[in-house]
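Asks: What follows is a predicted structure for the sequence shown.
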Amino acid sequence: MRVKNATLRVLGMLLWLTSGVWCREARATETDGFCSTCELQLGIGGTFHYWAMTHGIVVPVTFNFDDNRYELGAFRMATAQSFYSERFQGTEHNANPYWGFSASRRWELFKRYHWRLVLGLGASYKTEEDALSASHWNFAEQVGVRFVPRRGFAVELTGRHWSNGGLKLPNHGQDFVTLTVSVWPGAWRH
C-alpha cells in the first residue's frame, strides 16, 4: 500500500510540474500537432560512486517533450550496488534493486548542428531508502551530450546524480550514467 500511495504522489507531482507545458502544447497549430517533438528513449546504464564502479545496472525509459525542454523518466536499478573500499578493506553494500522516477527541466547548451550539451534540473523519487540516500524524494541533476544525426533521431550519453542535498543523512547520492536512443520520436510523423 505504501508503494501505491508513493506512486500516486509521484504521478501527481509529474502532472503538476508539466501542466503549463501541456496547456502550451494544446494551443499549438494544427501543423505542429500535440506531440510533434516528443521522444521516447530507451537505453542502458551503470552506477558509480565518486570514481569507483558500484556494479549496478540501470534500465532507463525517458519521455522528452516540448523540443527536449522537459523530461519524465523511469529508471530501474536492476541489480544491487556495492563497491570495494580500501579504507574499510572490504566490499560495502550500498543499495538493493529499486525503481526511480524523475521530472526535469532541461536546457540545450552549445547547440550545434548535430550535437548539443544538455543540462537538467528537477526532482526524483526512489521506491526505497538506502545507504546512498536516506530519503525517497531527491533533487535530480543531469549533464550530457545529445547527438542528433538527423531530424527525429537522437542518442544521449548522460551523467545523472540524485541527492537530497544533505537534508537527511546518509546522503551519498545516487550516481549513474545512461546511454539512450530514440525509439518513438514525434518528428518522424512529418
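Replies: Looks like it came in fine.
Asks: use CA for all of it now, contacts and neighbours both
Replies: Will do.
Asks: what kind of secondary structure is the nearest residue to Leu109 once chain neighbours are set aside in?
Replies: Excluding the flanking residues, the one nearest Leu109 by CA to CA, 6 or more residues apart in numbering is Leu117, at 5.0 Å. With DSSP: H, G, I helix; E, B strand; the rest coil as the basis, Leu117 sits in strand.
Asks: who's in contact with Leu117?
Replies: Glu108, Leu109, Phe110, Lys111, Val143, Gly144, Val145, Arg146 (CA atoms under 8 Å, 6 or more residues apart in numbering).
Asks: what is it paired to in the beta sheet?
Replies: Beta-bridge partners for Leu117, by DSSP bridges, are Leu109, Val145.
Asks: so how far is Thr62 from it?
Replies: 17 Å (CA to CA, to the nearest Å).
Asks: Work out for me the element the nearest residue to Gly122 once chain neighbours are set aside sits within.
Replies: Take Gly122 and drop its neighbours on the chain: the residue closest to it by CA to CA, 6+ apart is Ser104, 4.0 Å away. When elements are assigned from DSSP states H and E, Ser104 belongs to strand 98-109.
Asks: For that strand, name the packing helices and strands.
Replies: Where contact means 3 or more CA pairs under 8 Å, 6 or more residues apart in numbering; DSSP states H and E, strand 98-109 is packed against helix 2-26, strand 70-77, strand 115-126.
Asks: Comparing the ones you listed by mean pLDDT, which bottoms out?
Replies: Mean pLDDT is lowest for helix 2-26 among these, at a mean of 50.
Asks: So what are the sheet partners of the next helix or strand after that helix and their directions?
Replies: Next in sequence after helix 2-26, counting helices and strands by DSSP H and E, comes strand 39-49. Sheet pairing here is set by DSSP bridges, and for strand 39-49 it gives strand 52-65 (antiparallel), strand 174-185 (antiparallel).
Asks: buried stuff in the shortest one?
Replies: By neighbour count on 16 or more other CA atoms under 10 Å, the buried set for strand 174-185 is Gln174, Asp175, Phe176, Val177, Thr178, Leu179, Thr180, Val181, Ser182, Trp184, Pro185.
Asks: hey, what's the closest residue in space to the fifth one that isn't next to it in sequence bridged with?
Replies: Read that as Thr178. Spatial nearest neighbour of Thr178, chain neighbours left out: Gly45 (4.1 Å); criterion: CA to CA, 6+ apart. Going by DSSP bridges, Gly45 is paired in beta bridges with Val58, Thr178.
Asks: Thanks again, I'm all set now.
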